[in-house]
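*Asks:* let me see the structure of the following:
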Amino acid sequence: MADVLYRKLDELTDDQVYEAYAPPEPDWLRVNFVSSADGAATLEGLSGPLSGAEDKRVFKVLRARCDVLLAGSGTVRAEGYGPLVLSEDRMAWRRAQGLPEVPVMAIASRTASLDPESGIFTEAPRRPILIVPADLPEEAVEPFRDVADVIAVGTGEVDFTAAVAALRARGLRQVLCEGGPHVFGSLIAAGLADELDLTVSPLLVGAGPIRIAEGDPAAEAVPLRLRHVLEAGGNLILRYLRGSSDE
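*Replies:* Numbers count the residues shown, from 1 in each chain. Now for the predicted structure:
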């Protein structure tokens, strides 16, 4: 564990935070979540109340680093996602890396139960992507075709292995997933999650809320290697990479 970095977040410059989250490979899928100290993924039904300014600093760096931001439709609705935009300094950083000013937003939905006239589609600076099962009736998908590209994969459910392959075929190789828990559970079950970025918030929520991963269980536990621990305001900001800590 000698390679684990332990630092206070406020001791790091923005450039150092960007470097701390450099992906090890060109094709990489990272998942970003916040949970309470007792493992709750939500507080009063939302993840937002668990997050603070410290966590959001890393959250914004992760968004700036990705090619595509993937989220489930339930998370998009519950958390009130709007169009995917970045601050001017984040866009400037992306321009300096030779990247488009903003990532692409990709929304996974089993039923396409979203409003095609919402800002996440109509005000997006880059055309979003809607990911749905291939057997979803066309009448459910057709309203979105003017405002988004559609990836149709899977039967009854989104096939995330095929969906991620389709994103990468479009050149969207660095994937950031922001949930929700059922999407994360599906990514784990499919063996697609390369990295977990988890902020542990200094709160006890108690019984009731769901975990950060839900849905069908994975065939086996996935070993992770702790890359760094950043502390800020009592929050522990953890970066885990896929692979054994004994490597």
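
*Asks:* strands of the chain, start to end?
*Replies:* 5-8, 28-36, 68-72, 104-108, 129-132, 149-152, 174-177, 195-201, 224-232, 235-242 (DSSP state E).

*Asks:* just give me the residue closest to the centre of this structure.
*Replies:* residue 177 (1.9 Å; C-alpha atoms, centre = their mean).

*Asks:* my read: that residue touches residue 33, true?
*Replies:* No - with contact defined as C-beta atoms under 8 Å, residue 177 does not count as touching residue 33 (9.0 Å). Any C-beta I mention is one placed from the backbone N, CA and C, and that applies to glycine too.

*Asks:* quick check: longest helix of this protein.
*Replies:* In the chain, assigned by DSSP state H, the helix with the most residues is helix 53-65.

*Asks:* so what does that one touch, helix or strand wise?
*Replies:* helix 14-20, strand 28-36, helix 88-96, strand 174-177, strand 195-201, strand 224-232, strand 235-242 (3 or more C-beta pairs under 8 Å, 6 or more residues apart in numbering; DSSP states H and E).

*Asks:* rewinding a little: now the common contact residues for residue 177 and residue 33.
*Replies:* residue 184 (C-beta atoms under 8 Å, 6 or more residues apart in numbering).

*Asks:* that older thread, what comes into contact with the longest helix of the chain?
*Replies:* So helix 53-65 is contacted by 9, 14, 17-18, 21-23, 30, 32, 34, 51, 69, 84, 86-87, 90, 93-94, 103, 174, 176, 197, 199, 201, 230, 232-233, 235, 237 (C-beta under 8 Å, 6+ apart).

*Asks:* stretch 230-247 now?
*Replies:* So stretch 230-247 is contacted by 1, 5-10, 12, 20-21, 24, 52-55, 57-58, 193-202, 222-229 (C-beta under 8 Å, 6+ apart).

*Asks:* closest to residue 208 out of the strands of the chain?
*Replies:* strand 28-36 (11.1 Å; C-beta to C-beta).

*Asks:* next, the angle from the closest one to strand 195-201.
*Replies:* Strand 28-36 and strand 195-201 are oriented at 10 degrees to each other (axes from the mean of the first three to the mean of the last three C-alpha atoms, to 10 degrees).

*Asks:* per-residue confidence at residue 46?
*Replies:* On pLDDT, residue 46 comes in at 80.

*Asks:* same check, this time on residue 246
*Replies:* For residue 246, pLDDT reads 47.

*Asks:* likewise residue 152?
*Replies:* On the pLDDT scale, residue 152 gets 98.

*Asks:* which residues touch it?
*Replies:* 131-134, 136, 141.

*Asks:* which strand residues bridge it?
*Replies:* residue 132 (DSSP bridges).

*Asks:* how close does the residue nearest to residue 4 when sequence neighbours are not counted get to residue 62?
*Replies:* Spatially, and ignoring its direct neighbours in sequence, residue 4 is nearest to residue 226 (5.4 Å; C-beta to C-beta, 6 or more residues apart in numbering). Applying C-beta to C-beta, to the nearest Å, the value for residue 226 to residue 62 is 17 Å.

*Asks:* more neighbours, the two?
*Replies:* Applying other C-beta atoms under 10 Å to residue 226 and residue 62 shows that residue 62 carries more neighbours, namely 20 against 15.

*Asks:* lovely, talk soon.
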